[in-house]
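Asks: sequence plus the predicted model coming up.
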2 protein chains.
Amino acid sequence: MRTLGVTNDTALLRRLNTRATLHALRQGGPQTLTQLARAAGLSRQTAEVALSDLAERGLAEESSPTGGTAGRPARRFRFRAEAGHVVGLDVGPRRILAMLADLDGDVIEERRLDADEHMPAAERLALAERAATACVRAAGLARGGVWAATVGTSGVVDRSGRVSVSTLIPGWSGLDLAGQVGRWFGCPGFAANDANLAAVAEHWRGSARHVEDLVYVLSGYRAGHGLLLDGRLRTGRTGSAGELGRLPLIGWEDSSVVLDRAGRDAEEIFQAARAGDEEALAVVDRLAHGLAQGAAALVLVVDPELVVVGGGFSRAGELLLDRMRAHLTEMCRNPPEVALSTFGEESIALGAVRMALDHVERERLGL
Amino acid sequence: MRTLGVTNDTALLRRLNTRATLHALRQGGPQTLTQLARAAGLSRQTAEVALSDLAERGLAEESSPTGGTAGRPARRFRFRAEAGHVVGLDVGPRRILAMLADLDGDVIEERRLDADEHMPAAERLALAERAATACVRAAGLARGGVWAATVGTSGVVDRSGRVSVSTLIPGWSGLDLAGQVGRWFGCPGFAANDANLAAVAEHWRGSARHVEDLVYVLSGYRAGHGLLLDGRLRTGRTGSAGELGRLPLIGWEDSSVVLDRAGRDAEEIFQAARAGDEEALAVVDRLAHGLAQGAAALVLVVDPELVVVGGGFSRAGELLLDRMRAHLTEMCRNPPEVALSTFGEESIALGAVRMALDHVERERLGL
DNA sequence: CCAATTATGAGAAGACGCGACGTAAAGCTA
DNA sequence: TAGCTTTACGTCGCGTCTTCTCATAATTGG
């Protein structure tokens, strides 16, 4: 059942119009009052009221009028992206990446730390906190300057941000990651699966910028996927949407075996394949076949506009994708586009930033 | 990018409040003015204005005040469900079912016609039109009394309501079903895949009433599925979400072979199994295994709250479901509930009714 | 220095929703 | 049957929000 607004008085109207003005301001960069009013579909006066409201909340600022054109100089306003910040974290088995971004989503600080696969949970968390606080300190933020924080990690993360199952990180299962990260900065905290966040990042600013329905396939030392429909992340009832790799008949487990057999020489194999080595090409083709099988299941289930391939194996590049497209065409009537991930290893932290921004836009900006 | 309202003046407010009032009226049945105002979160005066607006549009009506309680008798209003009607059609290979429903979604007329598998498209369409118009005539509706019509059918139906692929009905591919049905009644027409509509029906009033994320598995002489997330139907880019059965390794094609070998004695096998016949039980188990394999893929991809099993094979009942649950538990970490379809063969036409109502509520009621 | 251009600022009008207050119409009781 | 109680109705006035209009201000270009 749809929820209907509770207060339908004129105050709602102003909230709505302030929202529209803010939207126009963020969308079109610094603009004059008249431009903003037109962009927001409002009268100049209304936009003016909304802007003074936003200015009071620190979200907008009048900048000096720029000449150049005839006529009375217009008042110009800009969005104060520096009014707040969010933290995005990627805590993986071997790597920790922290990002600090402003309200425009521009990353202004970044810290990378190595971790050990067998590192206990407490130590790993301490490392993550150190990386994140280093970013915050470097940016010179005061307490309360972080408005939301999200952490991405491998494993199943439930709706509340708790890790329900993690096979790759010791001591991770049962951890309340969202609560942890929230306590570090005294702000709302969130946690999500890494493949899901990678999908979010690709949709935000990566290969999937222009589509609303997409599947992200994480192919590497482990398999997983992320699903975005109507531009929104779908994590399912328990947060375990994205575990298709668990189904043996899909063959994703095998895919990693294909290369695991070649040990750490995956990159070597890809190079050999690019050079035309028959045997290496066969390996890549087998890999592509496995990936295509899982992708086909995804495509036949949700029929997305785009499949984005990321993770370690995606370094095989277009070579892998071409084989994958070929196999996919055999398996599906009308296969979607297949593209490489844009951000590679940074996608998880970026997706975390985006998810934190989602919360800020919803709750603090009122969008 | 989110679309923002274009006219944020006070007229928007009235639309919103009228909508809230209509919602309260439909939700709670006939009510007094004061009750309606409270339910809609509005002042009595505002609700009154909204109701007179709705009355002018024929959607609400003041009914005679009922005594019984002390105090001045309250004005009572009721939703005029008879103000408009919708048609829902199920056009299958062997069967045509037409339903006429009012704005409450109550089915007031129904016609069933047999068709032949090899019947040419034009003849099948004529039959469908006859069934539908018979309903409309029996209800005594004037021209324009049907506000929307939807037809469900097997095969892939694209976003525009055109059948892009149909392997079961001759001459069906390429047909503009939505346009056809719209022309019959001079109203907006829609078309959708049958498994998708069955999912909609189960969510509306069936086994999936209380969930928002569900998968409907159609298991019978052919396989298919329907997907609802956040209560909304997901048909994908080309409308072909629901074709998981096409992936050979899922084993759904085989499932039908399992029973096809037993010919038309499927019902007999189910009965024998229920009586404890070992061999029959083995057949049911094999069927359940195949179904579970596909369902597991669905569950691992979208992690729904519920899997609803429908179609001819679902007549095997709880026996089949129990085996399916067992297999599913082996394949997924934390499998969802599994339930039988509530509506059986009527689900497709019912889903079509619901989809037509969706349009009416969106466009004509302004909900 | 003047004309053209562009944006500003103030005031009036229209629409909407809500609270308050007096009034109307029933049931209940003596 | 008269009066009390209860419940809801109807109207009035106020405040908020948006838009339209028109006079005014501040630039640029010739």
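Replies: That came in fine, so what should we check first?

Asks: grab the nearest non-local neighbour of A:L125.
Replies: Excluding the flanking residues, the one nearest A:L125 by CB to CB, 6 or more residues apart in numbering or on different chains is A:Q180, at 6.3 Å. No exception for glycine: its C-beta is placed from N, CA and C like everyone else's.

Asks: so which bits of the stretch 201-350 of chain A are right by chain B?
Replies: Neighbours of chain B within the stretch 201-350 of chain A, by CB under 8 Å from any CB of the partner chain: A:213, A:225, A:227, A:229, A:234-247, A:249-251, A:293, A:296-298, A:300-305, A:331-334, A:336.

Asks: next, the distance between the ends of stretch A:235-242.
Replies: 7 Å (CA to CA, to the nearest Å).

Asks: for stretch A:211-228, that is, sorry about that
Replies: Stretch A:211-228 has an end-to-end distance of 10 Å (CA to CA).

Asks: which residues in chain A form helices?
Replies: For chain A, applying DSSP state H gives helices covering A:10-28, A:33-40, A:44-56, A:121-138, A:177-185, A:194-205, A:252-260, A:266-274, A:278-302, A:318-331, A:347-363.

Asks: so what's A:R162 up against?
Replies: A:G174, A:L175, A:D176, A:L177, A:A178, A:G179, A:A191 (CB atoms under 8 Å, 6 or more residues apart in numbering or on different chains).

Asks: and if we set it to 10 Å?
Replies: With contact set as CB atoms under 10 Å, 6 or more residues apart in numbering or on different chains, A:R162 has these partners: A:V156, A:S173, A:G174, A:L175, A:D176, A:L177, A:A178, A:G179, A:A191, A:G239.

Asks: domains for chain A, by residue range?
Replies: By the assignment in automatic domain parsing, chain A contains the domains A:10-65+A:74-79, A:84-198+A:347-363, A:209-341.

Asks: using a markdown table, lay out those domains together with distance to B:L321 and mean pLDDT.
Replies: Output for the domains of chain A, formatted as a markdown table (distance: least, CB to CB, whole Å; pLDDT from 0 to 100):
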| stretch | distance to B:L321 | mean pLDDT |
| --- | --- | --- |
| domain A:10-65+A:74-79 | 47 | 90 |
| domain A:84-198+A:347-363 | 26 | 96 |
| domain A:209-341 | 19 | 86 |
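
Asks: right, so of those, which gets closest to B:M324?
Replies: Distances from B:M324 to each of those were compared by CB to CB, and the smallest falls on domain A:209-341, at 15.2 Å.

Asks: measure stretch A:332-348 end to end?
Replies: This stretch, stretch A:332-348, spans 29 Å end to end (CA to CA).

Asks: around DNA strand D, which positions in the stretch 251-367 of chain A sit nearby?
Replies: Contact residues, the stretch 251-367 of chain A versus DNA strand D (CB under 7 Å from any atom of the strand): none.

Asks: find the closest residue to chain B in the stretch 251-367 of chain A.
Replies: Residue of the stretch 251-367 of chain A nearest chain B, by CB to the nearest CB: A:D303 (2.4 Å).

Asks: what about that residue, neighbour count?
Replies: Here the number of neighbours of A:D303 (other CB atoms under 10 Å in any protein chain shown) works out to 26.

Asks: excluding its backbone neighbours, what's nearest it?
Replies: Spatially, and ignoring its direct neighbours in sequence, A:D303 is nearest to B:G236 (2.4 Å; CB to CB, 6+ apart).

Asks: anything in stretch A:38-49 near chain B?
Replies: Yes - applying CB under 10 Å from any CB of the partner chain, one finds that stretch A:38-49 is in contact with chain B at A:A39, A:A40, A:G41, A:L42, A:S43, A:T46.
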